[in-house]
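[1] Using only what follows, build the 3D model:
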Amino acid sequence: MRSDWSLRPRTSLFVPLAVALALAGGTGLSATAPTAEPDPHQVLARVDGKPITQGDFEKAASAELLQLEREYTQARRTLVEAKLKQMARDAMVATEAKAKGVNPEQLIADAAKIAPVTDAEVEKFYEEKKTQIPPNVTKEQVVPQIRQYLEQQRQTAARQSFYTALESRHKADYLLEPIRVPIEAAAYKAPAKGPESAPVTIVEFSDFQCPFCSRLAPVLAQVEQKYGDKVRVVFRQYPLASIHPNATKAAEAALCANDQGKFWEMHDAMFADQAGLAVEGLRAKATKVGLQADPFNACLDSGKHVEEVKQDLVAGSAAGVGGTPAMFVNGRFLAEEMTFETISKMIDDEYQRREKAGTKS
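    Predicted coordinates for the structure are as follows:
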């Protein structure tokens, strides 16, 4: 699997089913669960008389089963959110239609009315896209399709504008709690910025050789600058050794620097020069950021922090991390591009949820 989140689907990273069912129960939404746990001793097959039990199967297929549970949980949540939004919109339309003395269907139909697509607009679109049209398709053949496409686009924009205006005039509170992934705490004191009492905690799983991780570092710096002590950022190691051969040793180097209170200085130095993450490059960076050479070298050579790196890998995998960077905001996996805007939007949403719940920040 590639480490680049932008190059692979992102919808398969979610909380295990049992946790999701508990969350669903807390919102008043029912969820169907198996009536009984499978018997781990049940024999499913025999090979030369030797049994293969349900327990054997679940152990061998644990990763695939967990993936299915995550996909089910997210598919169900997507359905619930979409249906709730539509139900809320239907209620708004009904209220608006009653006030205007028309039926809801007429109100929606009126909102979808658009100006006709002109020949000039079709021609402009054709000229812009004609290099993408197969050479065996004539202009006369494709023009009706272009006109239909532009009409559909215009109708979709008109409906969206209608609903946006509608939602601005009516109060709708969506109380469904987001899925939160339980992340196993580090057995060691993981590097962090911000107070433990901060209302929002961001847990980042990262790889020092991952180019997308290096691009996230200045984005998180912006977040820290904007929110100050209202946000805590926790850094967890997730080196993808199969594609980044220097990442594991770089993770150890970061924790060796942490022993001397200079994790973030080493963090910045490694992300600034990802081509120099071989051992000698790590030693040079340690000197550059002001670490004491002998303790750092002894730490790096002895593999002092190998177990901590492994613990972070296990914790990340258990939470569903499969690539880097991966980010959880108060346990909510950020599935969108990790821009300053998307991270800020989720943080602001967390603040609003706390305010509605009457929790002081």
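[2] Show the residue spans covered by the strands in the protein.
    Secondary structure of the chain (DSSP state E): strands located at 43-47, 50-53, 192-193, 200-206, 231-237, 326-329, 332-333.
[3] JSON lines please, covering the ones you listed and showing distance to Phe263.
    Bear in mind the C-beta positions are built from the backbone N, C-alpha and C, glycine included. Formatted as JSON lines, the strands of the chain follow (distance: least, Cβ to Cβ, whole Å):
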{"stretch": "strand 43-47", "distance to Phe263": "48"}
{"stretch": "strand 50-53", "distance to Phe263": "46"}
{"stretch": "strand 192-193", "distance to Phe263": "9"}
{"stretch": "strand 200-206", "distance to Phe263": "12"}
{"stretch": "strand 231-237", "distance to Phe263": "8"}
{"stretch": "strand 326-329", "distance to Phe263": "18"}
{"stretch": "strand 332-333", "distance to Phe263": "24"}
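[4] Pipe the ones you listed into CSV and attach mean pLDDT, distance to Glu123 and mean neighbour count per row.
    Below are the strands of the chain laid out as CSV (pLDDT from 0 to 100; distance: least, Cβ to Cβ, whole Å; neighbours: other Cβ atoms under 10 Å):
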stretch, mean pLDDT, distance to Glu123, mean neighbour count
strand 43-47, 97, 65, 10
strand 50-53, 97, 66, 12
strand 192-193, 96, 55, 18
strand 200-206, 97, 49, 23
strand 231-237, 97, 51, 23
strand 326-329, 96, 45, 24
strand 332-333, 94, 45, 21
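[5] closest to Val102 out of these?
    Evaluated over the strands of the chain, closeness to Val102 peaks at strand 332-333, with 40.4 Å, by Cβ to Cβ.
[6] pLDDT at Glu337, what is it?
    Note on Glu337: pLDDT of 88.
[7] And for it, the neighbour number?
    12 (other Cβ atoms under 10 Å).
[8] shaky segments in the stretch 101-250 of the chain?
    Filtered on pLDDT under 70, the stretch 101-250 of the chain yields no residues whatsoever.
[9] Spell out, range by range, the helices that occur in it.
    With DSSP state H, counting those that start in this stretch as the criterion, the stretch 101-250 of the chain has helices at 104-111, 119-129, 139-169, 211-227, 247-259.
[10] quick one, which of those is packed in tightest?
    helix 247-259 (a mean of 24; mean count of other Cβ atoms under 10 Å).
[11] Contacts for that one next, please.
    With contact meaning Cβ atoms under 8 Å, 6 or more residues apart in numbering, helix 247-259 is reached by 188, 191, 207-210, 235, 237, 239-241, 263, 265-267, 270, 277-279, 282, 285-286, 289, 291, 295-296, 299-300, 303-306, 308-309, 312.
[12] Can you select the buried ones from those residues in PyMOL?
    To isolate the buried members of those in PyMOL, using 16 or more other Cβ atoms under 10 Å:
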select buried, resi 191+207+208+209+210+235+237+239+240+263+265+266+267+270+277+282+285+286+289+291+296+299+300+305+308+309+312
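[13] Was I right to think Met266 contacts Lys288?
    No. Met266 is not in contact with Lys288 according to Cβ atoms under 8 Å; the separation is 9.3 Å.
[14] for the stretch 251-361 of the chain, which spans come out with low pLDDT?
    Residue ranges of the stretch 251-361 of the chain with pLDDT under 70: 359-361.
[15] which stretches of it form helices?
    The residue ranges that make up the helices of the stretch 251-361 of the chain, judged by DSSP H, counting those that start in this stretch, are 263-272, 279-288, 293-302, 306-319, 340-356.
[16] now these as TSV including distance to Lys130?
    Shown next, in TSV, are the helices of the stretch 251-361 of the chain (distance: least, Cβ to Cβ, whole Å):
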stretch	distance to Lys130
helix 263-272	44
helix 279-288	50
helix 293-302	59
helix 306-319	47
helix 340-356	35
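[17] quick one, which of the ones you listed is packed in tightest?
    helix 263-272 (a mean of 20).
[18] quick one: it to chain centroid distance?
    24 Å (Cα atoms, centre = their mean, to the nearest Å).
[19] Mind listing residues that contact it?
    Helix 263-272 is contacted from outside by 191, 193, 208, 213-214, 217, 235, 250, 253-255, 257-258, 277, 282, 285-286, 288-291, using Cβ under 8 Å, 6+ apart.
[20] now stretch 122-132
    Here stretch 122-132 has contacts from 139, 142-143, 146-147, 149-150, using Cβ under 8 Å, 6+ apart.
[21] So which of these is the closest to Val43?
    Minimum distance to Val43 across the contacts of stretch 122-132 is 57.4 Å, recorded for Tyr149 (Cβ to Cβ).
[22] could you measure the nearest residue to the closest one once chain neighbours are set aside against Pro135, distance?
    Spatial nearest neighbour of Tyr149, chain neighbours left out: Phe125 (8.0 Å); criterion: Cβ to Cβ, 6 or more residues apart in numbering. Distance, Phe125 to Pro135, using Cβ to Cβ, to the nearest Å: 18 Å.
[23] what sits against Pro245?
    Gln209.
[24] That one and Val279: what is the separation?
    Where Val279 is concerned, Pro245 sits at a distance of 12 Å (Cβ to Cβ).
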